[in-house]
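Participant: pasted the sequence and its predicted model underneath.
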Amino acid sequence: MSYPDKKVLLDVKNDFPVLVNNPNLVYLDSGATSLKPKCVIDKLDEYYEKYGVNVNRGVYKLSYTATTEYEETRTVCAKFLNCKEREVVFTKGASNGLNLVAQSYGMDNLNEGDEVISSELEHHSCVLPWQNVCKIKGAKLKYVELDSEGRITVEAFKKVLSNKTKVVVLTHVSNVMGYITPIKEIIRLAHEVGAVVVVDAAQSVPHMKVDVKDLDCDFLAFSAHKMFGPTGFGVLFGKFKYLKAMRPVEFGGDMIDEVYKNESTWKDAPFKFETGTPPIAEAIAFKEAIRYIESIGYEKIQAHEKALMEYTMRELVKIDGVTIYNKSVETGIIAFNMTGVHPHDASTLFDERDICLRAGHHCAQLIIKWLDTIGTLRACFYIYNDFEDCDKFIEAVKDSAEYFKEW
Amino acid sequence: MAGISDLYNQVLKDHRNYPRNKGLIDGYKTLKVKNPSCGDDVTVQLNIENGIIKDVRHIGTGCAICCSSASVMSETLKGKSVKVANEIIEDFYELIKGNYPDDEDRLGDAIVYVNIHNYPPRAKCATLAWRAAGAIIHGDEGETIDE
Ligand SMILES: Cc1ncc(COP(=O)(O)O)c(C=O)c1O
């Protein structure tokens, strides 16, 4: 096969030790987690080897170094998202950030009869915290009706939006279908009725420029590990006026101002939400992940993913025995099944060839039910994939279709 | 497709497509096991009389490994004493680690699952129905979550 526009592809495989150590690996599971570049791994080591002490506590020099490195990540994140440092809450990841908003903002601001809007495209971490709060507070959880392709549209959103809407919680990019939600227009409309909007950006920030000022979102959460950063760390952006008014949901060390026997006061946001010793090395190393992305640039990242995607989709649609669920997708995610074959059976064939795919419900059972299937296979492209990976993947799909034809 | 056909072999295919002892019967001891992370669920029934497994039934949804294995289990354990069934179940757990038991014959069609040891992530699929049967023998009933 001839490779189109190979010059648009990045050449970064060697930045990723996992790929250097496993030269035959075809890693198409970046939606679950990305591989980590050497610069991030080195930064983790640097913390443990050079100044591995706690932050915000000691008054000695090493503690100062660790704290400075740690807080520098907040500065880098604020610039990256185009917000203020005090609007950057460090979390354990997207799930943790999304839960924090529901537990704090949701519990204090939702009342009986109020409405929350979400969708069937959501990751469980996005919708379940609100399902829970709605149950407790007697609020109603409404779903945007997806269009025939499974997309969230502005038109469908308008149909569920009303003066009762208090919170809108939606994914920016679906982790199953890869569709981009028209979130900016949705935010504008939600603000017209006075609702706040919580954006699950776990699958968008790794692949596209996200400017929270430009979007005008009220909250936005994502995980470091899906964008070259360490596991166990993430960021919740919140507009300061909301963060300031919100109650902490976890109490203990680091987040307090004054403690009395029956009463205590907290630090300001974001620190009142950051209880206990954080994942220090992970926080420190995360800024290197952001710098890595910025050194490449989102334009090049997107051009790379687009080239791989178009090349693969063109071949995939020609193969009999494959069901593709998101043919019109605009990001680097392919949702498919080998027709009539359970996704776990199919994925073993890919595994046999060192092709890593995700198989199953992807923590998003609502969209799997919407698709009326038991699970899907998912191939995700990221910057370290190349046309050879696409070829191996396409070849495996062909062979799998051939093999399971008789099943 | 060498390799994969060792796992997805004709015996497995036959049991997947033509499951034996499928469908539930009222009054039998019943255990439903669900694995929420992969979506598989299997319900197994045993009818034990005087220490003999007179009947084994099953239904479920899941991958070919899981569904075929439930069918194979039902054939293999039917008619065995509880004591022997327990031994066979233990033999099966060893088998899927790649260890052949002293008495291969008692495993029947289950012997083909030996190839699973090359596919460790799939071992759980192969053992789900067997673990359900083992649990019923040890007194479990109702519903349980497998992790
Ligand atoms: C869209 C989406 N939201 C939320 C999450 C949760 O992220 P984490 O598991 O890092 O908390 C994921 C991860 O799979 C995701 O894809």
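Facilitator: Right, received. Where do you want to start? Numbers count the residues shown, from 1 in each chain, chains lettered A, B, ... in the order given.
Participant: for residue B:106, which non-adjacent residue is closest in space?
Facilitator: Residue nearest to residue B:106 in three dimensions, not counting chain neighbours: residue B:88, with 5.4 Å by C-beta to C-beta, 6 or more residues apart in numbering or on different chains. Where C-beta positions appear, they are placed from N, C-alpha and C, glycine not excepted.
Participant: look up how far chain A lies from that neighbour.
Facilitator: Look at residue B:88 and chain A: by C-beta to the nearest C-beta, to the nearest Å, they are 25 Å apart.
Participant: in whichever strand or helix holds that residue, what's buried?
Facilitator: Here residue B:88 is covered by helix B:82-95, with elements defined by DSSP states H and E. Across helix B:82-95, burial judged by 16 or more other C-beta atoms under 10 Å in any protein chain shown covers B:82, B:84, B:85, B:86, B:88, B:89, B:91, B:92, B:93, B:95.
Participant: again, but for stretch B:9-16
Facilitator: Result for stretch B:9-16 [16+ other C-beta under 10 Å]: buried residues B:12, B:15, B:16.
Participant: return the member of the residues you listed nearest to residue B:3.
Facilitator: residue B:12 (14.4 Å; C-beta to C-beta).
Participant: tell me the secondary structure of that closest one, please.
Facilitator: When classified by DSSP: H, G, I helix; E, B strand; the rest coil, residue B:12 comes out as helix.
Participant: returning to that earlier point: put together a markdown table for the buried residues of helix B:82-95, with distance to the ligand and pLDDT on each row.
Facilitator: Listed next are the buried residues of helix B:82-95 as a markdown table, based on distance: C-beta to the nearest ligand atom, whole Å; pLDDT from 0 to 100:
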| residue | distance to the ligand | pLDDT |
| --- | --- | --- |
| B:82 | 43 | 97 |
| B:84 | 45 | 97 |
| B:85 | 41 | 97 |
| B:86 | 40 | 97 |
| B:88 | 40 | 97 |
| B:89 | 36 | 97 |
| B:91 | 39 | 97 |
| B:92 | 34 | 97 |
| B:93 | 32 | 97 |
| B:95 | 35 | 96 |
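Participant: ok, so of those, who is nearest chain A?
Facilitator: Chain A lies nearest to residue B:95 out of these, by C-beta to the nearest C-beta, at 18.2 Å.
Participant: and the residue of chain B that's closest to the ligand?
Facilitator: Going by C-beta to the nearest ligand atom, the ligand is nearest to residue B:37 of chain B, at 13.0 Å.
Participant: pull up the residues of chain A that are close to chain B.
Facilitator: With C-beta under 8 Å from any C-beta of the partner chain as the criterion, chain A meets chain B at residues A:341-345, A:348-349, A:351-352, A:360-361, A:374-375, A:399, A:403-404, A:406-407.
Participant: give me the pLDDT for residue A:2.
Facilitator: If you check residue A:2, the pLDDT there is 68.
Participant: immediately after the helix holding residue B:88, which helix or strand?
Facilitator: Next along the chain from helix B:82-95, counting by DSSP H and E, comes helix B:123-137.
Participant: need the mean per-residue confidence for that next one.
Facilitator: Mean pLDDT, helix B:123-137: 95.
Participant: just the angle between it and helix B:82-95, please?
Facilitator: 170 degrees (axes from the mean of the first three to the mean of the last three C-alpha atoms, to 10 degrees).
Participant: near chain A at all, helix B:123-137?
Facilitator: Yes - against chain A, helix B:123-137 shows contacts by C-beta under 8 Å from any C-beta at residue B:125.
Participant: buried set for that helix?
Facilitator: Within helix B:123-137, the residues scored as buried using 16+ other C-beta under 10 Å are B:123-137.
Participant: tell me the one of the residues you listed nearest residue A:125?
Facilitator: Among these, residue B:124 lies closest to residue A:125 (C-beta to C-beta), at 23.9 Å.
Participant: what's the pLDDT at the residue in chain B that chain A sits nearest to?
Facilitator: Closest residue of chain B to chain A, C-beta to the nearest C-beta: residue B:63 (4.0 Å). pLDDT, residue B:63: 94.
Participant: domain ranges for chain A?
Facilitator: Structural domains assigned to chain A are A:6-28+A:297-405, A:52-294, following automatic domain parsing.
Participant: is the longest one up against the ligand anywhere?
Facilitator: Yes - when contact is scored as C-beta under 6 Å from any ligand atom, part of domain A:52-294 falls within range of the ligand: A:93, A:94, A:95, A:123, A:125, A:126, A:171, A:175, A:200, A:202, A:203, A:223.
Participant: I'd like those residues as JSON lines, with pLDDT, secondary structure and neighbour count appended.
Facilitator: Formatted as JSON lines, the residues of domain A:52-294 next to the ligand follow (pLDDT from 0 to 100; DSSP: H, G, I helix; E, B strand; the rest coil; neighbours: other C-beta atoms under 10 Å in any protein chain shown):
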{"residue": "A:93", "pLDDT": "98", "secondary structure": "coil", "neighbour count": "24"}
{"residue": "A:94", "pLDDT": "98", "secondary structure": "helix", "neighbour count": "26"}
{"residue": "A:95", "pLDDT": "98", "secondary structure": "helix", "neighbour count": "21"}
{"residue": "A:123", "pLDDT": "97", "secondary structure": "coil", "neighbour count": "22"}
{"residue": "A:125", "pLDDT": "97", "secondary structure": "helix", "neighbour count": "22"}
{"residue": "A:126", "pLDDT": "97", "secondary structure": "helix", "neighbour count": "27"}
{"residue": "A:171", "pLDDT": "98", "secondary structure": "strand", "neighbour count": "29"}
{"residue": "A:175", "pLDDT": "97", "secondary structure": "coil", "neighbour count": "26"}
{"residue": "A:200", "pLDDT": "98", "secondary structure": "strand", "neighbour count": "30"}
{"residue": "A:202", "pLDDT": "98", "secondary structure": "coil", "neighbour count": "27"}
{"residue": "A:203", "pLDDT": "98", "secondary structure": "coil", "neighbour count": "27"}
{"residue": "A:223", "pLDDT": "98", "secondary structure": "strand", "neighbour count": "28"}
